[in-house]
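Asker: Build the 3D model from these lines:
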Amino acid sequence: MVGSGVEVQSTMSINGPLSNGKSAEQLAVESFDPATVVPEPLPPVVDSNGEEVVKPREIVLGKNVHTTCLEVTEPDADDESTGDKDAYMASVLARYRKTLLERTQHHLGYPYNLDFDYGALGQLQHFSINNLGDPFIESNYGVHSRQFEVGVLDWFARLWEIEKDDYWGYITNCGTEGNLHGILVGREVFPDGVLYASKESHYSVFKAARMYRMDCEKVGTLVTGEIDCTDFKTKLLLHKDKPAIINVNIGTTVKGAVDDLDLVIQTLVENGFSHDRFYIHCDGALFGLMMPFVKKAPKVSFKKPIGSVSVSGHKFVGCPMPCGIQITRLRHINALSRNVEYLASRDATIMGSRNGHAPIFLWYTLNRKGYKGFQKEVQKCLRNAHYLKDRLREAGISAMLNELSSTVVFERPRDEEFVRMWQLACEGNMAHIVVMPNVTVEKLDYFLNELAKGRAIWYKDGKEQPPCLAVDVGIENCSCAVHK
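Answerer: Predicted structure coming up:
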């Protein structure tokens, strides 16, 4: 493989051994302590007859990066005249670029749009642009991009139907920060509130509960992955005397399921929670931007009693650096914000310094594509996702695609090297592919052909059978030996 770990290790040997002459294998054993990994509950292995098999499933961790890291070395005294150091670094970067090209060609499992061209913004990379403080209050630091940031926020405010004078928001450093901020605002509005989130919510939601020391109830889900409002009602009634802070998923991490926002609100009201006793944060990391362009899809709107919405900027939008957009109601932010004289601004964000380049990239692509451009890309993604799901089912492979989603869930490939090759996201017996604008039919055909070749080897002698996914995706979507 181009740019593999072996190649990087040989590059490192220019400046000496990896560490005291030890091999990569020795380092892997000595420098990695499995005890430092927080244990997570894992699903049981399910055999093709639908019964649990008595053998543990282990999380397959990635390679220890310390075995392949690129050492930082001090320049030699004559480097400036010989140019050897510059030549070495140029060769490392050239090889790294080849690695990126190869890995991009085999990228299917994570929701990143890799189809972009920001060459016109290269002229701005010479500046340290920092949007520290409140986006709406200019600080003493003059090298900022607030005018771009507020323009982007206004665009999303229109998308989610809230007036300029009624919202507050900022461009975050990632989707997780949007969830951390939305849940923090809810906690500040209701200090004794209980956080409710479906068990298929993003891990950052439960991280927020731990960070803020909040009482948290995990709510069950339907087989589609969306929140089970019957179980939600049961959990609500356990804490009827306390306000509710709810995370609503606009596309779950694994199955791409969309929680029924209207039913969540109805459940709250019917069980005695008036609008002044609950706060709803909508985690729309990926589908929060796609759903407005799906015909007959339910609306995520501030005309409904929600408190905040967040999306990622590096996913469907296609920003090359991690970032996100967080919008909340202006009246809520007063509970969180503090004036900071040092900045001559207000502190209401999670992070202090914020990437000032990200708003420019977002502004640039929103202007180039507009609503019509995004609508066209959403339709392409949904069309290709249906194509992938149909091809998998035709091949006798368990597969599911939720109605409002471009995430195709299917049986986990048996070979972990195959999983790493295609960068598939896996959970239990499931893997998924997130069909983004850069994922073409040709790329899907290439993957499907490789998967067919792999399965012919993995299951050729009949001793092993594909796993049963009936519990995960429903009997109607399972193609195991029992349910096909």
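Asker: switch to C-alpha atoms for all contacts and neighbour counts from now on
Answerer: Will do.
Asker: Can you pull the phi/psi pair for Ile350?
Answerer: Main-chain dihedrals, Ile350, degrees, to the nearest 10: phi -70, psi -50.
Asker: mind checking how far the nearest residue to Met421 once chain neighbours are set aside is from Tyr96?
Answerer: Excluding the flanking residues, the one nearest Met421 by CA to CA, 6 or more residues apart in numbering is His106, at 6.6 Å. Distance, His106 to Tyr96, using CA to CA, to the nearest Å: 16 Å.
Asker: which residue ranges form the strands in the stretch 251-400 of the chain?
Answerer: Ranges of strands in the stretch 251-400 of the chain, per DSSP state E, counting those that start in this stretch, are 278-283, 308-312, 324-329, 338-340, 345-347, 399-401.
Asker: Among those strands, which comes closest to Asn173?
Answerer: In terms of CA to CA, the element of the strands of the stretch 251-400 of the chain nearest to Asn173 is strand 324-329, at 6.1 Å.
Asker: what helices or strands is the closest one leaning on?
Answerer: helix 146-159, strand 167-172, helix 175-189, strand 308-312 (3 or more CA pairs under 8 Å, 6 or more residues apart in numbering; DSSP states H and E).
Asker: Of those, which stretch is the most buried?
Answerer: Of all the helices and strands packed on strand 324-329, strand 308-312 carries the top mean neighbour count, a mean of 30, counting by mean count of other CA atoms under 10 Å.
Asker: which residue packs closest to His386, ignoring adjacent ones?
Answerer: In space, His386 is closest to Leu401, 7.4 Å off (CA to CA, 6+ apart).
Asker: mind listing what that neighbour touches?
Answerer: 255, 385-386, 389, 407-409 (CA atoms under 8 Å, 6 or more residues apart in numbering).
Asker: repeat for Asp472
Answerer: 223, 430.
Asker: quick revisit: look up how far Phe293 lies from the residue nearest to His386.
Answerer: Separation of Leu401 from Phe293 (CA to CA): 18 Å.
Asker: Could you do Thr252 as well?
Answerer: Thr252 is 18 Å from Phe293, where distance means CA to CA.
Asker: Of the two, give the one with the bigger neighbour count.
Answerer: Using other CA atoms under 10 Å, the more surrounded residue of Thr252 and Phe293 is Thr252, with 27 against 18.
Asker: What does the more buried one show for phi and psi?
Answerer: Per degrees, to the nearest 10, the backbone of Thr252 is at phi -70, psi 160.
Asker: Hmm, Ser198 and it touching each other?
Answerer: No. Between Thr252 and Ser198 there is no contact under CA atoms under 8 Å: 9.3 Å.
Asker: Could you check how far Ser139 is from Gly356?
Answerer: 13 Å.
Asker: Equivalent analysis for Gly313, please.
Answerer: For Gly313 relative to Gly356 (CA to CA), the value is 13 Å.
Asker: neighbour-wise, which of these two wins?
Answerer: Gly313 (29 against 21).
Asker: For stretch 235-246, list the C-alpha coordinates in PDB.
Answerer: Extracted C-alpha coordinates of stretch 235-246, given in PDB (Å, rounded to 0.1, in the frame of the first residue of the first chain):
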ATOM      1  CA  LYS A 235     -38.000   7.600  32.000                       C
ATOM      2  CA  LEU A 236     -39.700  11.000  32.200                       C
ATOM      3  CA  LEU A 237     -42.100   9.900  34.800                       C
ATOM      4  CA  LEU A 238     -39.200   8.800  37.000                       C
ATOM      5  CA  HIS A 239     -38.200  12.400  37.400                       C
ATOM      6  CA  LYS A 240     -41.500  14.300  36.900                       C
ATOM      7  CA  ASP A 241     -40.500  16.800  39.600                       C
ATOM      8  CA  LYS A 242     -37.400  17.900  37.700                       C
ATOM      9  CA  PRO A 243     -37.000  19.900  34.400                       C
ATOM     10  CA  ALA A 244     -36.100  17.900  31.300                       C
ATOM     11  CA  ILE A 245     -33.100  18.500  29.000                       C
ATOM     12  CA  ILE A 246     -33.400  16.400  25.900                       C
END
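Asker: Would you mark the buried spots in it?
Answerer: Of all the residues in stretch 235-246, those buried under the rule 16 or more other CA atoms under 10 Å are 235-236, 242-246.
Asker: and those, which of them are in strands?
Answerer: Residues of the buried residues of stretch 235-246 located in strands (DSSP state E): 244-246.
Asker: ok, which stretches of the stretch 251-400 of the chain are helices?
Answerer: Taking DSSP state H, counting those that start in this stretch as the criterion, the stretch 251-400 of the chain carries its helices at 261-270, 287-290, 330-333, 357-394.
Asker: Now do the first one: everything it contacts.
Answerer: In other words, helix 261-270. Applying CA under 8 Å, 6+ apart, the contact partners of helix 261-270 are 229, 232-233, 236, 248, 274-275, 278, 300, 305.
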